[in-house]
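*Asks:* Sharing a model that was predicted from the sequence below.
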Amino acid sequence: MRKLLILSAALIALTACGPKAEQQALQNMPDDFILSSVNGPQWSFNQTIEQKPVLVVFAATWCGYCKQMIPLIDKMAADYKDKADIVVAFIDEDPTLAQAALKDLSLKNVKVLYGANNFAGFAGVEGFPHIILFKQIIEGQQGQAAQWVGYSAEHVQQIKAKLNEYLK
């Protein structure tokens, strides 16, 4: 019985930290999510997804794993500058916290948004960092989403592979 409990706990932990199977993106989403940015103009999810794939890193400024993962995503974002929109969406409502994270993490290639709590809720964010790749809307249909939860350097390679697949 004890082995079964340990095996079940390990399986749950692996499921929570690994990439999720592709699944339908945001269900019951409002007309649009417009978020404020600390390093650019306001950002509209709908306007962006109509043009190209969107990678959203949902994070919290207090999250240690986020502080490790976000610089890796920022470095990767340079390779996809005009092909995909890569954003870090902090759930924190205070813009000074997002501005401090932008400076502390030396972010140069991602859009940094704040006040993303409602967006995170509709996206089904389970923990931080929670990364979702949304396919571009084609013929009125929003594409599938690939998701990763937690910190792992392997996630960056998996994200690159999925982005490249979407950009074919």
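*Replies:* Sure, I can see it.

*Asks:* Just give me the neighbour total for A89.
*Replies:* Counted with other CB atoms under 10 Å, the neighbours of A89 add up to 28. The way it works is simple: take the backbone N, C-alpha and C, and place the C-beta from them, glycine included.

*Asks:* In this protein, where is pLDDT below threshold?
*Replies:* Counting by pLDDT under 70, the chain contains low-confidence ranges at 1-31, 136-144.

*Asks:* quick one, helices of it?
*Replies:* If DSSP state H is used as the criterion, the helices of the chain fall at 2-17, 45-49, 64-77, 95-104, 117-123, 153-166.

*Asks:* of these, which approaches D85 most closely?
*Replies:* helix 45-49 (4.8 Å; CB to CB).

*Asks:* which residues touch D104?
*Replies:* The neighbours of D104, taking CB atoms under 8 Å, 6 or more residues apart in numbering as the test, are K67.

*Asks:* State the distance from it to C66.
*Replies:* Separation of D104 from C66 (CB to CB, to the nearest Å): 12 Å.

*Asks:* repeat for L102
*Replies:* Here the distance between L102 and C66 works out to 13 Å (CB to CB).

*Asks:* now do W148
*Replies:* W148 sits at a distance of 13 Å from C66 (criterion: CB to CB).

*Asks:* same deal with P53?
*Replies:* P53 sits 21 Å away from C66, going by CB to CB.

*Asks:* try S152
*Replies:* In this structure, S152 and C66 are separated by 13 Å, where distance is defined by CB to CB.

*Asks:* So which of those two has more stuff around it?
*Replies:* Remark: of S152 and C66, C66 carries more neighbours, 22 against 18, as counted by other CB under 10 Å.

*Asks:* Excluding chain neighbours, give the residue nearest to that one in space.
*Replies:* A59 (3.8 Å; CB to CB, 6 or more residues apart in numbering).

*Asks:* With distance to K83 as extra columns, can I get the helices of the chain in CSV?
*Replies:* Below are the helices of the chain laid out as CSV (distance: least, CB to CB, whole Å):
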stretch, distance to K83
helix 2-17, 28
helix 45-49, 13
helix 64-77, 10
helix 95-104, 22
helix 117-123, 22
helix 153-166, 8
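
*Asks:* Would you mind telling me which of those helices is nearest S37?
*Replies:* With CB to CB, the closest approach to S37 among the helices of the chain belongs to helix 95-104: 8.6 Å.
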